[in-house]
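1. how would this look folded up:
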Amino acid sequence: MRGLEVWKPFIAAINGVATGGGLELAMTCDLRIAADTARLGLMETKQSLMPGWGGTQRLPRLVPFGKALEILMTGDFVDAQEALRIGLVNKVVPQAELMSAATDLANRLCENGPLAVRAVKEAAYRGMRIPLDEGLKLESLMIQNLFQTEDVKEGPIAFAEKRKPVYKGR
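-> Now for the predicted structure:
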(Lines give C-alpha, C1' and ligand atoms only; values in the text may rest on other atoms or scores of the structure.)
Protein backbone atom coordinates (compact mmCIF):
# COMPACT_ATOMS: atom_id res chain seq x y z
CA MET A 1 0.00 0.00 0.00
CA ARG A 2 2.97 2.27 -0.49
CA GLY A 3 3.64 4.26 -3.61
CA LEU A 4 0.26 3.58 -5.18
CA GLU A 5 0.09 5.75 -8.26
CA VAL A 6 -2.94 4.42 -10.05
CA TRP A 7 -4.90 7.27 -11.55
CA LYS A 8 -8.21 5.43 -11.84
CA PRO A 9 -10.60 6.23 -8.97
CA PHE A 10 -11.07 3.76 -6.13
CA ILE A 11 -14.19 3.68 -3.94
CA ALA A 12 -14.38 1.93 -0.55
CA ALA A 13 -17.70 0.64 0.76
CA ILE A 14 -17.23 0.28 4.52
CA ASN A 15 -19.56 -2.08 6.34
CA GLY A 16 -19.23 -3.25 9.94
CA VAL A 17 -15.93 -2.71 11.74
CA ALA A 18 -13.00 -1.24 9.81
CA THR A 19 -9.88 -1.34 11.94
CA GLY A 20 -6.18 -1.81 11.42
CA GLY A 21 -5.34 -2.89 7.90
CA GLY A 22 -8.99 -2.76 6.87
CA LEU A 23 -9.25 0.95 7.62
CA GLU A 24 -5.76 1.55 6.23
CA LEU A 25 -6.86 -0.10 2.98
CA ALA A 26 -10.04 2.02 2.90
CA MET A 27 -7.92 5.16 3.38
CA THR A 28 -5.93 4.31 0.24
CA CYS A 29 -9.17 4.70 -1.69
CA ASP A 30 -10.13 8.08 -3.12
CA LEU A 31 -13.72 8.05 -1.89
CA ARG A 32 -15.26 6.23 1.04
CA ILE A 33 -18.92 5.42 1.71
CA ALA A 34 -19.88 3.89 5.06
CA ALA A 35 -22.92 2.00 6.22
CA ASP A 36 -24.67 3.76 9.09
CA THR A 37 -23.66 0.85 11.32
CA ALA A 38 -19.94 1.08 10.50
CA ARG A 39 -17.29 1.70 13.16
CA LEU A 40 -13.80 2.86 12.17
CA GLY A 41 -10.57 3.00 14.12
CA LEU A 42 -6.92 2.12 14.40
CA MET A 43 -6.60 0.23 17.65
CA GLU A 44 -2.98 -0.90 17.35
CA THR A 45 -1.83 1.15 20.37
CA LYS A 46 -4.14 -0.92 22.57
CA GLN A 47 -1.83 -3.83 21.73
CA SER A 48 1.38 -1.79 22.08
CA LEU A 49 1.68 -1.59 18.30
CA MET A 50 1.24 1.13 15.72
CA PRO A 51 -0.39 1.17 12.29
CA GLY A 52 2.05 -0.14 9.73
CA TRP A 53 0.20 0.13 6.43
CA GLY A 54 0.10 3.91 6.18
CA GLY A 55 -2.42 4.76 8.89
CA THR A 56 -0.17 7.28 10.64
CA GLN A 57 0.37 9.08 7.34
CA ARG A 58 -3.01 8.90 5.63
CA LEU A 59 -5.32 9.60 8.57
CA PRO A 60 -3.81 13.06 9.33
CA ARG A 61 -4.18 13.91 5.64
CA LEU A 62 -7.89 13.08 5.71
CA VAL A 63 -9.09 14.46 9.05
CA PRO A 64 -8.03 17.34 11.32
CA PHE A 65 -4.61 16.61 12.82
CA GLY A 66 -5.76 16.64 16.45
CA LYS A 67 -8.59 14.23 15.69
CA ALA A 68 -6.18 11.96 13.81
CA LEU A 69 -3.85 11.89 16.80
CA GLU A 70 -6.75 11.11 19.12
CA ILE A 71 -7.84 8.16 16.97
CA LEU A 72 -4.26 6.93 16.52
CA MET A 73 -3.13 7.30 20.13
CA THR A 74 -6.27 6.15 21.96
CA GLY A 75 -7.18 3.32 19.62
CA ASP A 76 -10.82 4.35 20.04
CA PHE A 77 -13.38 3.84 17.29
CA VAL A 78 -15.57 6.48 15.69
CA ASP A 79 -19.03 5.68 14.42
CA ALA A 80 -20.10 6.37 10.85
CA GLN A 81 -21.66 9.76 11.62
CA GLU A 82 -18.52 10.98 13.39
CA ALA A 83 -16.41 9.65 10.50
CA LEU A 84 -18.56 11.73 8.14
CA ARG A 85 -18.35 14.81 10.36
CA ILE A 86 -14.54 14.73 10.48
CA GLY A 87 -14.11 13.89 6.79
CA LEU A 88 -12.94 10.30 7.09
CA VAL A 89 -15.82 9.16 4.88
CA ASN A 90 -17.64 11.04 2.13
CA LYS A 91 -21.12 9.67 2.77
CA VAL A 92 -23.10 7.52 5.21
CA VAL A 93 -26.03 5.44 4.02
CA PRO A 94 -28.29 2.80 5.56
CA GLN A 95 -26.52 -0.57 5.58
CA ALA A 96 -28.94 -2.08 3.06
CA GLU A 97 -28.10 0.69 0.57
CA LEU A 98 -24.31 0.59 0.90
CA MET A 99 -23.39 -1.29 -2.26
CA SER A 100 -25.97 0.48 -4.40
CA ALA A 101 -24.66 3.85 -3.14
CA ALA A 102 -21.08 2.84 -4.00
CA THR A 103 -22.21 1.61 -7.42
CA ASP A 104 -24.18 4.81 -8.03
CA LEU A 105 -21.11 6.88 -7.20
CA ALA A 106 -18.97 4.76 -9.53
CA ASN A 107 -21.54 5.20 -12.30
CA ARG A 108 -21.53 8.97 -11.80
CA LEU A 109 -17.75 8.97 -12.19
CA CYS A 110 -18.03 6.80 -15.31
CA GLU A 111 -20.35 9.34 -16.95
CA ASN A 112 -17.52 11.89 -16.95
CA GLY A 113 -14.59 12.01 -19.32
CA PRO A 114 -12.27 9.22 -18.15
CA LEU A 115 -9.11 11.10 -19.07
CA ALA A 116 -10.34 14.15 -17.15
CA VAL A 117 -11.20 12.08 -14.06
CA ARG A 118 -7.75 10.49 -14.12
CA ALA A 119 -6.06 13.86 -14.65
CA VAL A 120 -7.97 15.39 -11.73
CA LYS A 121 -6.94 12.56 -9.44
CA GLU A 122 -3.30 12.73 -10.51
CA ALA A 123 -3.14 16.53 -10.23
CA ALA A 124 -4.77 16.51 -6.79
CA TYR A 125 -2.54 13.80 -5.33
CA ARG A 126 0.70 15.09 -6.85
CA GLY A 127 -0.28 18.64 -5.97
CA MET A 128 -0.55 17.71 -2.29
CA ARG A 129 3.19 16.90 -2.27
CA ILE A 130 4.46 20.11 -3.84
CA PRO A 131 4.16 23.87 -3.22
CA LEU A 132 1.07 25.61 -4.61
CA ASP A 133 2.90 27.43 -7.41
CA GLU A 134 4.34 24.13 -8.68
CA GLY A 135 0.92 22.50 -8.35
CA LEU A 136 -0.64 25.24 -10.47
CA LYS A 137 2.03 24.64 -13.15
CA LEU A 138 1.31 20.91 -13.02
CA GLU A 139 -2.40 21.59 -13.42
CA SER A 140 -1.73 23.86 -16.40
CA LEU A 141 0.44 21.22 -18.07
CA MET A 142 -2.15 18.53 -17.49
CA ILE A 143 -4.99 20.61 -18.94
CA GLN A 144 -2.84 21.34 -22.00
CA ASN A 145 -2.48 17.58 -22.43
CA LEU A 146 -6.25 17.13 -22.11
CA PHE A 147 -6.83 19.71 -24.84
CA GLN A 148 -5.04 17.33 -27.22
CA THR A 149 -7.62 14.56 -26.74
CA GLU A 150 -10.74 13.62 -28.67
CA ASP A 151 -12.78 13.53 -25.45
CA VAL A 152 -12.22 17.23 -24.74
CA LYS A 153 -13.90 18.03 -28.05
CA GLU A 154 -16.78 15.58 -27.48
CA GLY A 155 -17.85 17.05 -24.13
CA PRO A 156 -18.74 20.58 -25.32
CA ILE A 157 -20.27 19.29 -28.58
CA ALA A 158 -22.53 16.89 -26.67
CA PHE A 159 -23.48 19.69 -24.27
CA ALA A 160 -24.40 22.00 -27.18
CA GLU A 161 -26.40 19.22 -28.84
CA LYS A 162 -28.16 18.44 -25.54
CA ARG A 163 -27.09 14.77 -25.55
CA LYS A 164 -24.96 12.55 -23.38
CA PRO A 165 -21.32 12.56 -24.42
CA VAL A 166 -19.74 9.43 -25.80
CA TYR A 167 -16.21 9.43 -24.41
CA LYS A 168 -13.60 7.13 -25.87
CA GLY A 169 -10.72 7.70 -23.45
CA ARG A 170 -8.52 9.18 -26.15
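
2. Look up the closest residue to Lys8, ignoring the ones flanking it.
-> Excluding the flanking residues, the one nearest Lys8 by Cβ to Cβ, 6 or more residues apart in numbering is Arg118, at 6.4 Å. From N, CA and C alone the C-beta is placed, and that goes for glycine too.

3. Correction: the previous question concerned Pro9.
-> Closest residue in space to Pro9, ignoring its immediate chain neighbours: Asp30 at 4.9 Å, by Cβ to Cβ, 6+ apart.

4. Which stretches in the protein count as strands?
-> For the chain, applying DSSP state E gives strands covering 11-14, 17-19, 31-35, 39-41, 78-79, 91-93.

5. Which of those sits closest to Ile143?
-> strand 31-35 (22.5 Å; Cβ to Cβ).

6. elements contacting that closest one?
-> strand 11-14, helix 80-86, strand 91-93, helix 98-110 (3 or more Cβ pairs under 8 Å, 6 or more residues apart in numbering; DSSP states H and E).

7. Apply 10 Å and report the result again.
-> With contacts defined as 3 or more Cβ pairs under 10 Å, 6 or more residues apart in numbering; DSSP states H and E, strand 31-35 has these neighbours: strand 11-14, helix 21-28, helix 80-86, strand 91-93, helix 98-110.

8. which ones are touching the residue most central in space within the chain?
-> Centroid-nearest residue in the chain, with Cα atoms, centre = their mean: Asp30, separated by 1.5 Å. Asp30 is in contact with 6-12, 90, 109, 117, 120-121, 124-125, counting by Cβ atoms under 10 Å, 6 or more residues apart in numbering.

9. And it, what's its pLDDT?
-> On pLDDT, Asp30 comes in at 95.

10. cool, Leu4 as well?
-> Looking at Leu4, the pLDDT reads 65.

11. Likewise for the one 5 residues further on?
-> Pro9 is assigned a predicted lDDT (pLDDT) of 94.

12. give me phi/psi at the closest residue in space to Gly21 that isn't next to it in sequence?
-> Nearest residue to Gly21, sequence neighbours excluded (Cβ to Cβ, 6+ apart): Trp53, at 5.3 Å. Here is the backbone geometry of Trp53 (degrees, to the nearest 10): phi -120, psi 30.

13. neighbours around Trp53, how many?
-> When neighbours are counted by other Cβ atoms under 10 Å, Trp53 registers 18.
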